[in-house]
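Enquirer: Generate coordinates for the sequence data below:
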Amino acid sequence: MTGPAVFPWGPALLFCPADRPDRYDKALERADAVILDLEDAVDPARRGVAREAIVASDLDPARVIVRVNPSGTDDQAADLAALDHTPYRAVMLPKAEGVGDLAALGGLEMIALCETAAGVRAAGELASADGVVALMWGAEDLIASLGGTSSRHADGRYRDVARHARSEVLLAAGAAGRSAIDTVHLDIADLVGLAAETEDAVAVGFAATACIHPSQVETVRGAYLPSDEQLTEAVELLAAAEAAGGGVFRHRGRMVDGPVVEHARAVLRRARDTP
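Expert: As a prediction, the model looks like this:
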């Protein structure tokens with residue numbers, strides 16, 4: 001059985017347009033890691049300015065991820081040339097659709113963003129590739145790649161194809177011993193909906209959730225941080241497991257076996273790893 005992946009960043013990852021260096025420090029101060037975005041968040045005419053801003057920046061490289069442009073584009077070649085002049089070694093690759101898309105990124109820590117139909121289908125191949133530390137999925141580009149118009153129902157629930165893609169990416173990452181990152185919640189004001197989605201992400205094993213606005217960070221962190229009640233229950237269950245000496249046992253009227261013990265250990269890991 002593949003064990004839980006070691007995720008090098010905290011649970012709240014905040015996107016920041018790379019052409020807004022005035023926001024870099026604040027974004028990094030608010031979140032566990034900042035994703036300096038050279039792709040969708042930047043007007044193509046300003047990508048040169050954005051690259052210059054990244055080269056001129058002086059952020060903690062251990063907490064910086066740079067989203068470069070898709071493979072095979074002139075923009076990506078320019079992005080990587082700029083990164084050569086920085087200490088930043090973690091990149092997010094949008095629209096990843098196969099191992100060939102990773103070739104130009106050798107020597108970097110990679111997050112493969114599976115956000116097209118082909119990318120979701122290739123998630124297992126991408127997760128197993130050298131240098132990939134995590135997978136992330138994206139709903140809106142996925143729907144666009146299918147010729148659709150909306151990833152969600154009117155009540156905010158994801159449509160089935162988006163839920164399927166989310167599960168596929170999570171399973172592919174887990175099977176390869178990699179981490180999975182849940183996608184952004186576009187309705188910035190809907191913190192209740194964000195909390196519900198993040199709580200679900202935590203429950204099924206995502207390591208982090210991406211944010212598009214600083215106001216979302218504390219909601220995400222709150223979902224990943226176990227409550228006092230959850231911590232108490234986990235500690236008591238693990239103590240009961242040690243006293244039982246292994247195998248199946250009964251605790252508070254519930255049958256407990258190996259997987260349930262692992263769930264309790266996961267709660268303690270989250271408490272340790274969430275700021």
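Enquirer: Stretch 21-34: end-to-end distance?
Expert: The straight-line separation of the ends of stretch 21-34 (CA to CA, to the nearest Å) is 12 Å.
Enquirer: Quickly find the element holding the nearest residue to D60 once chain neighbours are set aside.
Expert: Setting aside the residues directly before and after it, D60 is nearest to L28 in space (CB to CB, 6 or more residues apart in numbering), at 6.9 Å. For glycine as for every other residue, the C-beta is placed from the backbone atoms N, C-alpha and C. Assigned by DSSP states H and E, L28 belongs to helix 24-30.
Enquirer: Can you show me the helices along the stretch 1-150 of the chain?
Expert: Taking DSSP state H, counting those that start in this stretch as the test, the helices found in the stretch 1-150 of the chain are 24-30, 47-56, 74-83, 117-121, 123-127, 139-145.
Enquirer: Let me see the mean pLDDT of the last one.
Expert: Along helix 139-145, the predicted confidence averages to a pLDDT of 97.
Enquirer: can you count the residues close to A82?
Expert: 22 (other CB atoms under 10 Å).
Enquirer: excluding its backbone neighbours, what's nearest it?
Expert: R51 (3.9 Å).
Enquirer: In contact with the one you found, which residues?
Expert: Taking CB atoms under 8 Å, 6 or more residues apart in numbering, we find R51 in contact with A18, L38, A78, D79, A82.
Enquirer: can you check G205 too?
Expert: Applying CB under 8 Å, 6+ apart to G205 gives the contacts P4, L170, G174, A180, A266.
Enquirer: among the residues you listed, who's most crowded?
Expert: A180 (26 neighbours).
Enquirer: Just grab the bridge partners of that one for me.
Expert: Note on A180: beta-bridge partners L135, judged by DSSP bridges.
Enquirer: okay, which residue is most central for the protein?
Expert: When CA atoms, centre = their mean is applied to the chain, the residue found nearest the centroid is I181 (2.1 Å).
Enquirer: Buried residues, stretch 214-221. List them.
Expert: For stretch 214-221, a neighbour-count test (16 or more other CB atoms under 10 Å) marks P214, Q216, V217, T219, V220, R221 as buried.
Enquirer: returning to what we had before: from A195, how far off is the residue nearest to A82?
Expert: As defined by CB to CB, to the nearest Å, R51 lies at a distance of 36 Å from A195.
Enquirer: which residues touch the residue nearest to H251 when sequence neighbours are not counted?
Expert: Nearest residue to H251, sequence neighbours excluded (CB to CB, 6+ apart): A240, at 4.7 Å. For A240, the contact set (CB under 8 Å, 6+ apart) comprises F249, H251, V256.
Enquirer: Specify the beta-bridge partners of the second one.
Expert: On the basis of DSSP bridges, H251 is bridged to R254.
Enquirer: how many other residues sit next to A81?
Expert: 11.
Enquirer: quick one on the thing from earlier: and which of the contacts of R51 is nearest to G148?
Expert: L38 (26.3 Å; CB to CB).
Enquirer: what about the closest residue to that closest one other than its chain neighbours, how many neighbours?
Expert: Spatially, and ignoring its direct neighbours in sequence, L38 is nearest to A18 (4.8 Å; CB to CB, 6+ apart). A count of nearby residues for A18, using other CB under 10 Å, gives 29.
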